[in-house]
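K.L.:
The following comprises the amino acid sequence and a computationally predicted model.
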Amino acid sequence: MGLGITILGSGSRGNAILVHNERNAILVDAGFSRKELLARISACGIDPRTIRALVISHEHGDHVNGARLFSDELNVPTYVTFKTATRLEAARKLGKKKILFETGTMFDIGEFQVRAFSVPHDAADPVGFVINSDGARIGIATDLGHINSLCAQRLRDCDALVLESNHDVEMQQRSERSPSLKQRVLGRHGHLSNDDAISALEQLVTERTKIVFLVHLSSDCNECDLVLRAARSKLDGIGRKDVQLAVVLQDKASQTFWVS
Ligand SMILES: [Zn+2]
Ligand SMILES: [Zn+2]
């Protein structure tokens with residue numbers, strides 16, 4: 001029973017990541033509408049009825065826009081921290097069934113063992129995830145201002161790594177964005193720059209790493225080719241031509257990668 005990952009899309013207009021095997025799946029974040037999520041899942045050849053739970057990283061709209069309608073339609077629980085649940089409830093984004101978890105703890109959803117760890121980002125209680133199943137490990141951090149030592153520890157040594165590579169710092173500084181938005185994005189609790197993401201690969205990629213997905217690219221302050229070129233050159237430079245690379249954008253799901 002292999003472990004697969006399919007990223008349904010990523011960026012400031014929606015994020016959702018499916019972790020799955022042949023029988024069961026969990027959806028990490030539901031940033032697209034219910035209809036769009038179901039369409040993308042089916043287009044990937046995955047039966048939505050195999051989804052057992054929704055797991056939420058934080059309350060920003062690009063991660064929860066379809067959360068309530070999606071989880072209620074499939075009648076699955078939403079795993080969420082107390083603080084994030086409070087925000088979601090206030091915004092009427094949380095489905096009927098909720099299961100609370102605490103940041104820093106591990107919990108099982110069927111055969112998926114999920115570990116939630118705190119990430120530096122400007123939300124109530126933002127988390128990244130490490131998901132273990134079938135002897136394989138997937139690390140996910142889509143929104144984080146910087147990689148602190150806890151994040152580095154958790155995200156290191158994964159078979160598949162999903163990491164934010166949000167913006168090129170120079171493009172961000174030159175952009176038409178307001179000074180306050182620039183400050184937010186570039187801040188320690190904003191979004192991870194290409195330079196920070198790519199230099200972290202040296203630390204995070206280990207012998208077991210097979211693929212790195214770079215996600216949550218800014219549509220106006222980044223370019224897919226720029227990210228791919230820089231990441232490829234970093235990985236080649238550390239002798240890891242064998243590690244696959246994929247940039248996942250907003251409008252199209254990734255191909256399924258079988259981690260085990
Ligand atoms: Zn966010
Ligand atoms: Zn986001």
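P.N.:
Looks like it came in fine. Ligands and ions are numbered 1, 2, ... in the order given.
K.L.:
Around the spatially closest residue to G45 that is not a sequence neighbour, how many other residues sit close by?
P.N.:
Excluding the flanking residues, the one nearest G45 by CB to CB, 6 or more residues apart in numbering is T256, at 7.8 Å. Quick note: C-beta positions are derived from backbone N, CA and C, even for glycine. Number of residues near T256 (other CB atoms under 10 Å) recorded here: 16.
K.L.:
pLDDT value on T256, please?
P.N.:
We have a pLDDT of 97 for T256.
K.L.:
Please state the offset of stretch 31-44 from the chain centre?
P.N.:
16 Å (CA atoms, centre = their mean, to the nearest Å).
K.L.:
buried ones in it?
P.N.:
G31, F32, R34, E36, L37, L38, R40, I41, C44 (16 or more other CB atoms under 10 Å).
K.L.:
Same check on stretch 121-132?
P.N.:
With the criterion 16+ other CB under 10 Å, stretch 121-132 contains buried residues H121, D122, A123, D125, P126, V127, G128, F129, V130, I131, N132.
K.L.:
can you put those in JSON lines and add distance to R229, secondary structure and pLDDT?
P.N.:
Putting these into JSON lines (distance: CB to CB, whole Å; DSSP: H, G, I helix; E, B strand; the rest coil; pLDDT from 0 to 100) gives the following:
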{"residue": "H121", "distance to R229": "27", "secondary structure": "coil", "pLDDT": "98"}
{"residue": "D122", "distance to R229": "30", "secondary structure": "coil", "pLDDT": "98"}
{"residue": "A123", "distance to R229": "31", "secondary structure": "coil", "pLDDT": "98"}
{"residue": "D125", "distance to R229": "35", "secondary structure": "coil", "pLDDT": "98"}
{"residue": "P126", "distance to R229": "29", "secondary structure": "coil", "pLDDT": "98"}
{"residue": "V127", "distance to R229": "31", "secondary structure": "strand", "pLDDT": "98"}
{"residue": "G128", "distance to R229": "26", "secondary structure": "strand", "pLDDT": "98"}
{"residue": "F129", "distance to R229": "28", "secondary structure": "strand", "pLDDT": "99"}
{"residue": "V130", "distance to R229": "28", "secondary structure": "strand", "pLDDT": "98"}
{"residue": "I131", "distance to R229": "29", "secondary structure": "strand", "pLDDT": "98"}
{"residue": "N132", "distance to R229": "32", "secondary structure": "strand", "pLDDT": "98"}
